[in-house]
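Peer 1: sequence and predicted structure below; questions after.
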Amino acid sequence: MLMIQDWFRKVALGGVLACLTSIGAAQTSPMNTTLARIQALLSQTYPLINLAEKQQPHTNRIHFQFDTLRHDIAQIQTGIAKATTRIDLIPRIVKPLAGDYLKNPNSPQKSTHQEENP
C-alpha cells in the first residue's frame, strides 16, 4: 500500500511541476521573443565594433578597449541565452560588466577582464 501512495505522490508532484513549467513558459513567450530580438541586435554590433577598431587611430594617447566591449556583449548574450533556455528557481550570481573601455597605452595596467572557463 505504501508503494502505491508513494507512486501517486510522485505522479502528482510531476503533474504539478509540468503545469508550473507550462504556465511559466506561456507567460515568458512574448518576453523570449523580445529577448531573441535583443540577441539579434547584439550580434549585429560585432561587425561595427570590428570596423571601429580598424578606424581607431594608433597615435591616440587613450585607446578604446574593443576586446572588453566584445567580452561584455558576449556576457550579456550568454545571460540572455541562459534565461531563454531554462527555468531556474534558484537565484543566480550576476557578474558585473567591466564597463571601462578607455585605456592609456603608456600606463601599465592589468587586463580589465578575465576569460571565463565554462
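Peer 2: Yes, it's here. Numbers count the residues shown, from 1 in each chain.
Peer 1: how about stretch 90-99: buried residues?
Peer 2: A98 (16 or more other C-beta atoms under 10 Å). For every residue, glycine as well, the C-beta is placed using N, CA and C.
Peer 1: need the contact partners of the helix or strand encompassing D67.
Peer 2: Here D67 sits within helix 66-85, counting by DSSP states H and E. Residues outside helix 66-85 that contact it (C-beta atoms under 8 Å, 6 or more residues apart in numbering) are 28, 32, 35-36, 38-39, 42-43, 45-46, 49, 52-53, 56, 94-95, 97-101, 112-113.
Peer 1: same thing but at 6 Å, please
Peer 2: Identification of contacts with helix 66-85 by C-beta atoms under 6 Å, 6 or more residues apart in numbering yields N32, L35, Q39, L42, I49, E53, L97, A98, Y101, T112, H113.
Peer 1: stretch 34-44 now?
Peer 2: Stretch 34-44 has contacts (C-beta under 6 Å, 6+ apart) with I73, Q77, I80, T84.
Peer 1: so which of those comes closest to F64?
Peer 2: I73 (13.9 Å; C-beta to C-beta).
Peer 1: just checking, next helix/strand downstream of the helix holding D67?
Peer 2: Using DSSP H and E, the first helix or strand after helix 66-85 is strand 102-103.
Peer 1: show me what that next one is packed up against.
Peer 2: For strand 102-103, there is no helix or strand it packs on, judged by 3 or more C-beta pairs under 6 Å, 6 or more residues apart in numbering; DSSP states H and E.
Peer 1: related to what we said a few turns ago, okay if I get the contacts of stretch 34-44 as CSV plus distance to H63, neighbour count and pLDDT?
Peer 2: Converted to CSV, the contacts of stretch 34-44 look like this (distance: C-beta to C-beta, whole Å; neighbours: other C-beta atoms under 10 Å; pLDDT from 0 to 100):
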residue, distance to H63, neighbour count, pLDDT
I73, 18, 16, 95
Q77, 24, 14, 95
I80, 29, 16, 92
T84, 35, 14, 83
